[in-house]
Each structure stands twice: as structure tokens, then as C-alpha cells.
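# Sequence first, predicted model second:
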Amino acid sequence: MQLFNLKDHNEAVSFSEAVVKGIGHNQGLFFPDKIEPLDNIDELLDTPLVPRSQKILRHLIGDEVPQLESIVADAFNFEAPIKEADKDIYALELFHGPTLAFKDFGARFMARVLSSIRGDKKLTILTATSGDTGAAVAAAFYEQKGIDVVVLYPDGKISSLQEKLIATLGGNIKAVRISGIFDECQDLVKTAFDDEEFKTRVGLNSANSINVSRLLAQVCYYFEAVAQLPKDKRDHVVFSVPCGNFGNITAGLIAKTLGLKSRFVISCNANDTVPRYLQSGVWDPHKTIATLSNAMDISRPNNWPRVEALIKMNGWNKSDFDFGSMSDEETCDTMRDLYSRTGYVLEPHAAIAYQILKNSLKEGETGIFLGTAHPAKFKEVVDKTLGIDIALPEALEKRVALPMQAVTLKPDYENLKSYVLEAVKA
Ligand SMILES: Cc1ncc(COP(=O)(O)O)c(C=O)c1O
């Protein structure tokens, strides 16, 4: 697989190089120039998750990573069921992995790919998270030999459960609260990747959704969703994706490029840079607003250039996408409405994806919205909104009792750099 820096086509890398580098120079994202469609989609859809995902990823990645098949089998060892949530609308529940979030797919795959290709080189993963990425990355890399993980997150702006999942592991997982917002965490990561000396010294790598290995892993569950539908519903599928950094939807659009018949709905909260852009043609990020769907509180989505690249590659029209954005009030109304009618429990991110899908769905179409996190991960808002006491899954219950092992830093690069050098003993 050959990938190019989207900011400089002269920087071409293999898949393994893209995984290790994370991001190209001048903060350019790696992305392929072309993606060959799969020619046996119907047959693939009749194949179980693991062998199907092995074929999809082998097709995308090519001959690199000889252990790819065993990596996929080990990484995708949990289910991604679809559940009927409303008439013609299914939830794709991506929260049955170890940290109960969709990120488990990408993070587990990436951790194993990196382990298999790193050789003797020591690596440091530096990642910024608005919640679930950090938890999934921490769990996926915990106790992986020769790899340290530094997770940055905005102080007080992720749920206490998300923080517990990041900050209670210890060992090779270093949790860093940044007294600022997520965009500042993301900027610190970007600055570190531009610091060549530091980058080489600690073997810097990113496990954010900018890492292409994570995106490719996520492609597989779009096929898994359609595979679970009755055959007569497979040709008119609409996916609604709750968008933050636009990694998840990039994966969906890669699946579409591979030949999965589907249309896509871009679902956002009040941080609506992309919906406004699609409507007006003007890219005008506003100040990031804190919402109940906090993992989507991003006003400069860093994967957007990849979506643009896919639009160009496929000759799609921006008007092919449906989109919408929702306030917190509408989000809660939606959660209450669906729960009272069908008993299905939505957390805020899924609620946005569900409602915007419902508004978009046409006669004869089957809607699938992505359930990106377990509702119990947003217990406070879910309980308060629905008047229930949602049970924490066992995995989370155990973690809540453990003490936090996090440090707090200002959003200052030099500060962060000294901390990392000490923490990973580089
Ligand atoms: C629960 C949840 N939903 C949606 C998203 C948005 O996904 P993406 O950043 O890939 O657009 C995230 C991202 O962290 C998330 O944690």
C-alpha cells in the first residue's frame, strides 16, 4: 500500500512507514491516491467478521505485515452487533470491546501492527483525547513491551469514567491532564511531531485517529453492520456517523469506496463547522463549545482533508452527503423520545446520529447509526435524562475503585517535553 502526504505529494510512504510515522512533514496526513474496489462484496458479506476483515485489510494493505491475519484475529475478538432501535433504524453497537467504545477496534489493531513492525526500536505513543481515544489506546497498549504511551486530555472535560480508564493503569501508560481544551491538547501533539529532535529521541508515534492503521481497522465494522442485515435490505443502507475528528466517517467512506452500497449522513453537535461548510461552502470554524456529546466537541476536525481526498478520488459531490447538527436540548429530547417509544437507551453521541438519520431517511432505505460508546460511559446524563439507573458493565465497575495516577500540566510545549523525556527515560 502506498500513501502520500496530503500536503506534499512528494512524500510517499508504505503502510508500515505511515503507521510508524503517524503524520507526515508539515503535519500532512497520509492517505492513498487510489483505492481499488473489492470485486466480491456479496460473498464477503456472507463471510464471518474475522475472515472477512482479514480479506478487506489484506486487500487494502497488500503484501506488507506478514502477520496481518493473526493480528486481525487477535484484535477483533469481540462483537459489533446491530440492534433494531426503531422502525427501519438499527444501532451498530461498537461498544462491546474492552473499553466499551468504537475506538477499541482501531486501537487494538494499531497496537498489534506496531508491535509486529517495530523491531528493536523503543517507541513513545503521544496521543490527545477528548475522551474515548485515550481509554482505548491505553488499554490496547497496556504492557506492550518497548512502547510507552502518553495520553493528554483536557482537565475536567472528559467524563470521570473515561478518565479512570486512562489514568488507573499506570506502568507504561502515562496520563496527563492539560489545563485547557481538547484543541490545545491536539496542538501540543502536533507541535511535538514537528520537533524532529524530540521525535527521534523518544521514537514518537501517534495513535490518534490520524494514524492510518486505526482508520483501516474501522472500515471493517461498516461491512459487519451490512452483513447482519437481511439480504433484501443491503442495497439501500444509510449510515449516520456522530462526527468529531471525522476519523470514523473517513473509515465509512473508505468502505463505500471499496464498494459497500451506502449513503452517509454527517451528524454533529453544536460544533458544526462541517455542516455549515457543506451548506455555505465557507470553512469558518467557530470557538469550540462544550456539549453533552463531549467527544464531538471539535471545531477543527483533523481528518477532514481525508474526506476531501475521498470526495475527489471518487468524483463524489459534496451535495451527496446529508448532514445535520443538534443542540444539547434536542439531544436529550431525542433520548427521551426513543426510550419512551421503544426502550432503546441512547447516550448523547448516538442520540445525535440517530435523530439526524431519522430526519434524513427516505422510504425504502434502512438506516444504521453508529453507537460509538456504551450508554453507561455517560451515566450521569443518561440517568438524569431518562430517569433510570443504568448499570455499569463489570469492566468499568472494577476500574472506578482504583486510584488515579495522572499529572496536571499547563498547555505549554516545553513543559510537556520535559515531562515526557523524564517519564519515558529517553
Ligand atoms: C463516543 C464518541 N462518539 C463519536 C466520536 C467522534 O469520532 P471521530 O472523532 O472519529 O469523528 C468520538 C471520538 O472520540 C467518541 O468518543
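Structure received. Keep in mind the model is a prediction, meaning the values are calculated, not measured. Numbers count the residues shown, from 1 in each chain.
# pull the CA atoms of the helix or strand of the chain with the lowest mean pLDDT into PDB?
Ranking every helix and strand in the chain by mean pLDDT, DSSP states H and E puts helix 394-400 at the bottom, with a mean of 78. Taking Å, rounded to 0.1, in the frame of the first residue of the first chain, the C-alpha atoms of helix 394-400 are listed here in PDB:
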ATOM      1  CA  GLU A 394     -18.400  -5.200  35.100                       C
ATOM      2  CA  ALA A 395     -15.300  -4.000  33.400                       C
ATOM      3  CA  LEU A 396     -16.000  -0.400  34.300                       C
ATOM      4  CA  GLU A 397     -17.200  -1.200  37.800                       C
ATOM      5  CA  LYS A 398     -13.800  -2.600  38.800                       C
ATOM      6  CA  ARG A 399     -11.900   0.400  37.400                       C
ATOM      7  CA  VAL A 400     -13.900   3.000  39.300                       C
END
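# What residues sit buried inside it?
396, 399 (16 or more other CB atoms under 10 Å). C-beta here means a position set from N, CA and C on the backbone, and glycine is covered the same way.
# Name the residues of the following helix or strand past it that are buried.
Using DSSP states H and E, the helix or strand that follows helix 394-400 in sequence is strand 406-409. Neighbour counts over strand 406-409 (16+ other CB under 10 Å) mark 406, 409 as buried.
# how about the strands in the stretch 251-400 of the chain?
262-268, 322-325, 366-371 (DSSP state E, counting those that start in this stretch).
# strand partners of the shortest one, parallel vs antiparallel please.
Taking DSSP bridges as the criterion, strand 322-325 sits next to strand 262-268 (parallel) in its sheet.
# can you list contacts of the partner strand?
222, 226, 237-243, 249, 252-253, 255-256, 274-275, 278, 296, 320-326, 352-353, 355-357, 360, 365, 369 (CB atoms under 8 Å, 6 or more residues apart in numbering).
# Which ones among those lie within helices?
222, 226, 249, 252-253, 255-256, 274-275, 278, 352-353, 355-357, 360 (DSSP state H).
# Please report which of those residues has the highest neighbour count.
Highest neighbour count within those, by other CB atoms under 10 Å: A353, with 34 neighbours.
# Tell me if stretch 260-275 is near the ligand.
No: Stretch 260-275 is not in contact with the ligand by CB under 6 Å from any ligand atom; minimum separation 9.2 Å.
# coming back round to it: out of the ones in helices among the contacts of strand 262-268, which comes closest to the ligand?
I249 (6.1 Å; CB to the nearest ligand atom).
# Nearest spatial neighbour of the closest one, chain-adjacent residues omitted?
V241 (4.2 Å; CB to CB, 6 or more residues apart in numbering).
# again, but for K287
For K287, the spatially nearest residue (CB to CB, 6+ apart) is S299, at 6.9 Å.
# pretty sure that neighbour contacts Q186?
No: S299 is not in contact with Q186 according to CB atoms under 8 Å; the separation is 11.0 Å.
# Looking at those two, which is more packed in?
Neighbours were counted for S299 and for Q186 using other CB under 10 Å; Q186 has more, 22 against 19.
# Might one say that the more buried one is in contact with L126?
No: Q186 sits out of contact with L126 when judged by CB under 8 Å, with a separation of 11.0 Å.
# Could you list the buried residues of stretch 148-166?
So, applying 16+ other CB under 10 Å, buried residues of stretch 148-166: 148-155, 157-159, 161-166.
# Ok, stretch 300-316 next?
Those would be 301-307, 309-310, 313, 316, for stretch 300-316 by 16+ other CB under 10 Å.
# Quick check: residues of the stretch 201-350 of the chain near the ligand?
209, 242-248, 295-296, 349.
# with these in mind, which one is nearest to K261?
The nearest member of those to K261, counting by CB to CB, is N248 at 19.0 Å.
# give me the number of residues near the closest one?
Burial of N248 is recorded as 28 neighbouring residues (other CB under 10 Å).
# Now it. Nearest residue, chain neighbours left out?
Computed as CB to CB, 6+ apart, the closest residue to N248 that is not its neighbour in sequence is V241, at 5.3 Å.
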